[in-house]
Every structure is written in C-alpha cells, then in structure tokens.
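Novice: Please find the sequence and the predicted model below.
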Amino acid sequence: MTQQEIERLREQVRAGGGEKALARQKAQGKWSARERVAYLLDDPTQAVEIGLFAGHELYEEACPAGGVVVVIGKVQGRPCVIVANDATVKAGAWFPITAKKNLRAQEIAMQHRIPILYLVDSAGVYLPMQDEVFPDKEHFGRIFRNNAVMSAMGIPQYAAIMGPCVAGGAYLPIMSDEAIIVEGTGSVFLAGPYLVKAAIGEETDVETLGGARTHSQISGVTDYQARSDREALDLLKRLVAQTQRRSSFQWDRQPPRPPRIPPEKIPELLPSDPTRPYDMYPIIEALVDEGSFTEYKAGYGKTLITGYARIEGWPVGIVANQRIVVKSGRGEMQFGGVIYSDSADKAARFILNCNQKQIPLVFLQDVTGFMVGTRSEHGGIIKDGAKMVNAVANSVVPKYTVIVGNSYGAGNYAMCGRAYDPWLIVGWPTARIAVMGGTQAAQTLLQTYKKGKDLSAQEEKALLAEIRQKYERQMQPLYAAARLWIDELILPHETRKYLALMIEAAEWGYQPRPFSVGVIQT
C-alpha cells in the first residue's frame, strides 16, 4: 500500500458508522467517540492510535476500527490508555475483534502500568456472533477479570458512562476505581426494560431502571453525576490529575537529536521488491538520534545488527536483521535476512546485556527465518536459535517490535513477534507476515496436492498461482492489522513518535524485575 492509500483508508475508518449514525448520536446530545478522546488529550497530535484497522473486511457487517477507539497519549501530563466505544458502529456492540482490541488495550496498560480510561457507550455483545464473543478465555469476560487484576496491581482505572452499559458490560465501569455517569444518556443495568418485562413481568423505563439519578442517588453504583459529555470529561481530567506516578525509576534520557537521515527518506532506502537485499544500517540511522548508535560485536554474526542507541533521547538496544549478503569470519557467504548460529548467539548475549542494564529493546524485523541445511544442523542452529528465543521470551525490560519487511517462521518468534509479548508491535506498509514466503509455500503445498494426482502442466500452473495469490493476500500488513496480529499499520516516518511515546509511558510505572533465562544449552 502507498502512503496515500493508507491515509485515505485511515480517513474512511475514522468516519466510523457514517454521517447518519453520527447525526443520530449528536441528536441525543452526545459527542462522537473521537471527539471525546481528543478533548481528553493534552495534545492529540502527540498521541498514537492502535488497532485503527482492526476488523477491516473481517465480517459481512462493517466494523470500522472494531467499533472502539484506542489511543495512548497524555492526559493532564500523565500517559494514559483511552478506550472509547464508538456508538455509531452497531450502537457500540461488541464484535469478536472488539473484545480482542479491548483486551490488548488493557494488556498495554498492564505492561506499562499506566492509567486506563474507559468511555463507555455500548449496547453490549453483538448477539449474532455471541459464540465468538462470550464463553472462551480470551473473550468478553476476560475484560472484567483484567479489571480486577489491574486493580490489585494498583493500575488506575476510571470510567465515564456516556451511553448504554448493558448486561455483562455493566461490570467494566463499576469494577473501575471510580465511575462517572452522564444524565439523560448514560445508563447501567444487568437487564434492560424489555428483558425485565420478559423475565419478571415488571414494567419500567431506562432512567428508572439504571439512569444517572438511580445510580448516583439511590443505588450508589456510580461515584459522580455529570450533566453533559463535556462535564463528564472535565471531571475525568480532574481525577487523572490526582493520579500519582507509580515508579521512582528513571532512564537516563539525553537531549533528543534528529536522525542523521530524515525518517521521511526511509521509503527510498527500501527496495520495491521485498526479495531484494538492502542495507539495514541506513534504516537504523533514520530512526535513532544522530551519533547515538554504538554497535555491539560488529564483526561477528553479521546477519543480525545489535547495538545501543537513543530515540528522542531515550536509551534503547537495537536488534535488527541485516538484509545484504555478507561474508562471515570464516570467509563464507551468508544470506541476508537469515539468522545463523553466530547471529543468534550474539543477539542472545546482547539481550542479556540490555536486561542487565535495564535498557528497553527495539527489534527491527526483516527476517526469512533461521538457516537450514546439513551444515547448520551439525553446527547446532536449533540450539543457538533456542538460546535467542529463550532470551527474548524471558526478557523483563520493555520490548518494542517494528516489522520492516519479511517476518517469516521462527524468525518472527526470535525477533519478538506477537507471541513473545512485545509491549507494542507495529508494521510498515512493506511488512510481510507468514510462516514462509508465498513462492516457497506455494511450491511446498503444490507437492502435497500433486500426490496421487496426474495434473497437466496448465493445471499445475493454475494451482500454483491460486496458492500464491492466497498466501500473498494473507501476508499483507493490512490483513495482519485487521486481526490485531500487529497493533498498528504505520508509516515509517511515524516510528520514532510511537517508540518515544511508549518508552516514556513505560517509565511512568516501570518496576525493574530479576532476569533469568532458565536452562540454556551452550
């Protein structure tokens, strides 16, 4: 995708359920989800959004942004996660991807130990898909479990009930530390008037059953009553302003310097053909502060680049795949984008060092996997790869992943893919995520399909093209972003902003922990 295509799609998704749905919300005296979020933020231009493309072309029903807006930014000087239901999308109903996105927002708040603010305006579970939202471990109920866990962790949670809050969803704001409800539009109940009538025969209305007066003056369920969205958000700001810093820990931040290479030049540094080699060093120079990069073991394990640097003054450890073809210390050629034994060994040691020094890690992925073949197996590639994976899995410092290009197979794991709990994972338009490349997968699957079948050359060619086309579609970064395999599809020049903000957020509640990798074969 080009930058222009991404920008157009962003604009389309941010329109939510469309003008008519927004007009209905305005007629009720309510702001849109994005207006609410923008009003809360100290500076919306310095915030970052995650999951914008969640739900894209995922269901028959349109579900822009998964029906919920999630933004990380500063409120009253405090880094916060903001979660706002978009009532213009199916009345804010919860699709499967909505639950997954809310859980990811809570996970980010827990990893960084920063406040999370819920702006609730939802009709509850999208009933036609209840079997994919309700019963499983990572479904709807996990959100309320997380409310309880975050409370025990001391992570501040504040909720503003600005619309319906129905059934199980009623627990989310009430399990928060403090809850605000807006008169006339906010409501909370386990069963609405229709269900109450059906269940026990009682006639009632929304306000009497669970409106602002009921819960602020009779039940005591909510803590504050507001007359409008603006008043509720102003009150929310005052509550956040009283939130105290969670940690005395501070990284040694230096005065920021711009990169030596302007980040806007990054697309020019990448080949149009993702199979072609290129040099990762200029990419690094376009992301880190000028003059800050100090390479670790520069002459060893050259298909991985490791080193210390700064991003907007914050200290980071860089682990990046090198895509050019290099010569090893033994005089043999090594393929770029492939992790060899020496590279894995170097990266594991560097990750240990960063954990020892409490330095956040940034992974720049463009990896086709670990080296295969007799020589690599005899040299213990599995052992060295396991060593690197172990170090990544057990790392206790903040770790952030940027998928620059290919992200294939076990290389995805070793370079801190989604399964290894990165505190944020983003992809560029050039990202490709799959178990292997499309051509290799097509060739492998073709051999399986051909067993016992007599295919003509034409049939074989058609089948190969069909498999490759399917694989290529599934490898696209937008496909990954729609399913939240990555937190966001971003443009390369936005990377520094994302990383700097997240590291600053991490400092707010960071608590150093002991680091251990357990049993490792040496």
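Specialist: In hand now; what should we look at?
Novice: Please enumerate the helices of the stretch 151-300 of the chain.
Specialist: With DSSP state H, counting those that start in this stretch, the ranges of helices along the stretch 151-300 of the chain come out as 171-174, 193-200, 206-210, 212-213, 229-241, 266-269, 280-285.
Novice: Mind putting these into JSON lines with mean neighbour count?
Specialist: In short, each C-beta sits where N, CA and C put it, glycine included. What follows is these, written out as JSON lines (neighbours: other C-beta atoms under 10 Å):
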{"stretch": "helix 171-174", "mean neighbour count": "22"}
{"stretch": "helix 193-200", "mean neighbour count": "12"}
{"stretch": "helix 206-210", "mean neighbour count": "17"}
{"stretch": "helix 212-213", "mean neighbour count": "18"}
{"stretch": "helix 229-241", "mean neighbour count": "18"}
{"stretch": "helix 266-269", "mean neighbour count": "16"}
{"stretch": "helix 280-285", "mean neighbour count": "20"}
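Novice: among those helices, which is nearest Y118?
Specialist: Among those, the nearest to Y118 by C-beta to C-beta is helix 171-174 (6.1 Å).
Novice: For the closest one, which helices and strands make contact with it?
Specialist: strand 116-122, helix 141-153, strand 157-166 (3 or more C-beta pairs under 8 Å, 6 or more residues apart in numbering; DSSP states H and E).
Novice: Redo those as TSV? Include distance to P64, mean pLDDT and mean neighbour count.
Specialist: Shown next, in TSV, are the helices and strands packed on helix 171-174 (distance: least, C-beta to C-beta, whole Å; pLDDT from 0 to 100; neighbours: other C-beta atoms under 10 Å):
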stretch	distance to P64	mean pLDDT	mean neighbour count
strand 116-122	15	95	28
helix 141-153	21	93	16
strand 157-166	18	93	26
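Novice: Tell me the pLDDT of the residue of the chain most remote from its centre.
Specialist: Most distant residue from the mean C-alpha position of the chain: D454, 46.0 Å away (C-alpha atoms, centre = their mean). With respect to pLDDT, D454 scores 73.
Novice: residues in contact with it?
Specialist: Contacts for D454 (C-beta atoms under 8 Å, 6 or more residues apart in numbering) come out as none.
Novice: So what's the residue count around F249?
Specialist: As a burial measure, F249 scores 14 neighbours (other C-beta atoms under 10 Å).
Novice: just to revisit the earlier point, reformat the helices and strands packed on helix 171-174 as a markdown table; add distance to K461.
Specialist: What follows is these, written out as a markdown table (distance: least, C-beta to C-beta, whole Å):
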| stretch | distance to K461 |
| --- | --- |
| strand 116-122 | 50 |
| helix 141-153 | 47 |
| strand 157-166 | 54 |
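Novice: Any idea which of these gets closest to G184?
Specialist: The closest of the helices and strands packed on helix 171-174 to G184 is strand 157-166. By C-beta to C-beta, the value is 10.5 Å.
Novice: Tell me which helix or strand in this protein has the weakest average pLDDT.
Specialist: Confidence across the helices and strands of the chain bottoms out at helix 438-450, with a mean of 70, counting by mean pLDDT, DSSP states H and E.
Novice: Show me what counts as buried in whatever helix or strand comes next after that one.
Specialist: Using DSSP states H and E, the helix or strand that directly follows helix 438-450 along the chain is helix 457-475. For helix 457-475, the neighbour count (16 or more other C-beta atoms under 10 Å) marks L463, L464, I467, R468, Y471, E472, Q474, M475 as buried.
Novice: Now helix 457-475: average pLDDT?
Specialist: Throughout helix 457-475, pLDDT has a mean value of 82.
Novice: Which secondary structure elements does whatever helix or strand comes next after that helix sit against?
Specialist: For helix 457-475, the following helix or strand on the C-terminal side (DSSP H and E) is helix 477-482. For helix 477-482, the elements it packs on are strand 424-427, strand 432-434, strand 488-489, judged by 3+ C-beta pairs under 8 Å, 6+ apart.
Novice: try it again with 7 Å
Specialist: In terms of contacts (3 or more C-beta pairs under 7 Å, 6 or more residues apart in numbering; DSSP states H and E), helix 477-482 is packed against strand 488-489.
Novice: Can you give the strand pairings for the strand it packs on, parallel or anti for each?
Specialist: Paired strands of strand 488-489, with direction, are strand 424-427 (parallel) (DSSP bridges).
Novice: Now find how far off-centre the partner strand is within its chain.
Specialist: In this view, strand 424-427 has its centroid 6 Å away from the chain centroid, taken as C-alpha atoms, centre = their mean, to the nearest Å.
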